[in-house]
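In: what follows is a predicted structure for the sequence shown.
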There are 2 protein chains.
Amino acid sequence: MIRHIVTFSLSAESAEKRAEQAAWAGEQLISLVPLIPQILALSIVHDVRHEAGNADFALIADYADQAALDAYQVHPDHVRVSSSIKPLVATRLAIDFDV
Amino acid sequence: MIRHIVTFSLSAESAEKRAEQAAWAGEQLISLVPLIPQILALSIVHDVRHEAGNADFALIADYADQAALDAYQVHPDHVRVSSSIKPLVATRLAIDFDV
């Protein structure tokens, strides 16, 4: 199984705006679960420390294997959601590893 | 409990060099476990997909609460290890959340 963790820091100036955007983006990503069968599990976590160098939120999702993660990445609904989130993002850093 | 995930992308040009550095940095971070009692669990994961926008490795660690994570951050051994890793790093993005 592959775990896909994506950390996002948002570019909005105010913390309130970033929190609002993180909540919206998280809901968009969670809405993919019933649409993309390759998603075995998907959760959104929000940063609680607000330290310099911290992301605003992260996606943590599991897939059976790399082919399933590939299928998720190119799925039209994932492409739609990720392109709607992209303009809000300052830094995105992902990691994919076996679990 | 607080989970602290830190994703690191390294600046070395060659993938081999980055893999070597990620292995070394991971060992340095793992060596902190017996030295810093606030660490409840700590693991290092290495990226398997090498996609653009992916980190090279990540630390995933658990602490009882934010005070314990604070104590970890300022612990002299953590300061020593993180300053030895810092020169290798292109992008670092962390997230801290309740589990």
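Out: Arrived safely, thanks for sending.
In: list the buried ones in the lengthiest helix in chain A?
Out: Counting residues, the longest helix found in chain A (DSSP state H) is helix A:15-30. Across helix A:15-30, burial judged by 16 or more other CB atoms under 10 Å in any protein chain shown covers A:18-19, A:21-22, A:25-26, A:28-29. Glycine gets a C-beta too; all of them are placed from N, C-alpha and C.
In: what of stretch A:81-88?
Out: A:81-82, A:85, A:88.
In: how about the contacts made by residue A:8?
Out: Counting by CB atoms under 8 Å, 6 or more residues apart in numbering or on different chains, residue A:8 makes contact with A:22, A:25, A:55-59, A:85, A:89, A:91-92.
In: now, those that are in strands?
Out: A:57-59, A:89, A:91-92 (DSSP state E).
In: ok, and the closest non-adjacent residue to the residue nearest the centre of chain A?
Out: Residue closest to the average C-alpha location in chain A (CA atoms, centre = their mean): residue A:59, at 3.6 Å. Nearest residue to residue A:59, sequence neighbours excluded (CB to CB, 6 or more residues apart in numbering or on different chains): residue A:6, at 4.6 Å.
In: close to chain B: what parts of chain A are there?
Out: Within chain A, the residues that sit near chain B (CB under 8 Å from any CB of the partner chain) are A:2-3, A:5, A:7, A:9, A:45-49, A:51, A:53-55, A:57-58, A:66, A:69, A:91-98.
In: so of the residues you listed, which ones are in helices?
Out: Filtering those for helices - DSSP H - leaves A:66, A:69.
In: and the residues of chain A next to chain B, which are buried?
Out: Here, 16+ other CB under 10 Å leaves A:2-3, A:5, A:7, A:9, A:45-47, A:54-55, A:57-58, A:69, A:91-97 buried among the residues of chain A next to chain B.
In: now the longest helix of chain A: average pLDDT?
Out: Here helix A:15-30 scores 97 as its mean pLDDT.
In: for the buried residues of helix A:15-30, which one is nearest chain B?
Out: residue A:22 (10.7 Å; CB to the nearest CB).
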